[in-house]
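the sequence and its predicted three-dimensional model are supplied below.
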Amino acid sequence: MSNTPVLNTPVLWINAYLQDKLQNLGFETMPFFPSVPSTIVDLTELFPTSGVMATYDRMIRMRRSPFPHIKCEQLLYYFYATAENSVLNMVQITEQTLRLMDREDETAQELNEWCENHGPIVVDGQTLEYSFRFHTLKVFQLQETRDVINFATARTYAGNKMIIYYDYTLL
């Protein structure tokens, strides 16, 4: 069993990596929140002044092999943009995320190097050491008619869903 604190999850490291890399698009730090907002009212009240944000849900997947030490998970991201250029900002965020995260083992290698060079990270006052080794990552984009209808009622909001599949081991 690993000595990794329970709070220290691969999700936090992927989020930190994406925050760092998405700053290259000219946004202030893009905040990442777990599992919110769930309504348009929540979205409008929680939206940061930077005009962009992301929320995520962590989903554990079934292992593809009998080897129990490689864990399989996925992240469902909801990216949101508002204010001026919301559609352009969403296209940039989506494309940058796709380019960063959809190179399978090359992405894993780059992510591992980034984590080793940028750790430890501080989350809720706790210092977390990098305790994972990523093996492969893939990206899928989701699109549903329901989201288009909901966002159409929210003035200048743009949104997009992406799933990032990843495999990792605890160090």
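In hand now; what should we look at? Everything numeric in this text was worked out from a predicted model, so none of it was measured.

in its sheet, what does whichever strand in the chain runs longest sit against?
Across the chain, the longest stretch assigned as strand under DSSP state E is strand 158-170. If you go by DSSP bridges, strand 158-170 pairs up with strand 71-81 (antiparallel), strand 132-142 (antiparallel).

who's in contact with stretch 129-147?
Contacts with stretch 129-147, where a contact means CB atoms under 8 Å, 6 or more residues apart in numbering, come from 2-4, 8, 10, 13, 70, 76, 94, 97-98, 101-105, 107-108, 111-112, 115-116, 119-120, 159-171. Just so you know, the C-beta spots here come from the backbone N, C-alpha and C atoms, and that holds for glycine as well.

which ones are touching Glu104?
For Glu104, the residues meeting the contact criterion (CB under 8 Å, 6+ apart) are Thr136, Leu137, Lys138.

got it, and Asp20?
Under the criterion of CB under 8 Å, 6+ apart, the contact list for Asp20 reads Trp114, His118.

looks to me like it is in a helix.
Yes - following the definition DSSP: H, G, I helix; E, B strand; the rest coil, Asp20 is counted among the residues of a helix.

so which elements touch the longest helix anywhere in the chain?
Using DSSP state H to define each element, the chain has its longest helix at helix 86-101. In terms of contacts (3 or more CB pairs under 8 Å, 6 or more residues apart in numbering; DSSP states H and E), helix 86-101 is packed against helix 10-22, strand 71-81, helix 105-118, strand 132-142, strand 158-170.

let's go with 6 Å and repeat that
Using 3 or more CB pairs under 6 Å, 6 or more residues apart in numbering; DSSP states H and E as the contact test, the elements touching helix 86-101 are strand 71-81, strand 132-142, strand 158-170.

mind putting these into JSON lines with distance to Met30, mean pLDDT and mean neighbour count?
Putting the helices and strands packed on helix 86-101 into JSON lines (distance: least, CB to CB, whole Å; pLDDT from 0 to 100; neighbours: other CB atoms under 10 Å) gives the following:
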{"stretch": "strand 71-81", "distance to Met30": "9", "mean pLDDT": "87", "mean neighbour count": "21"}
{"stretch": "strand 132-142", "distance to Met30": "17", "mean pLDDT": "89", "mean neighbour count": "17"}
{"stretch": "strand 158-170", "distance to Met30": "13", "mean pLDDT": "88", "mean neighbour count": "19"}
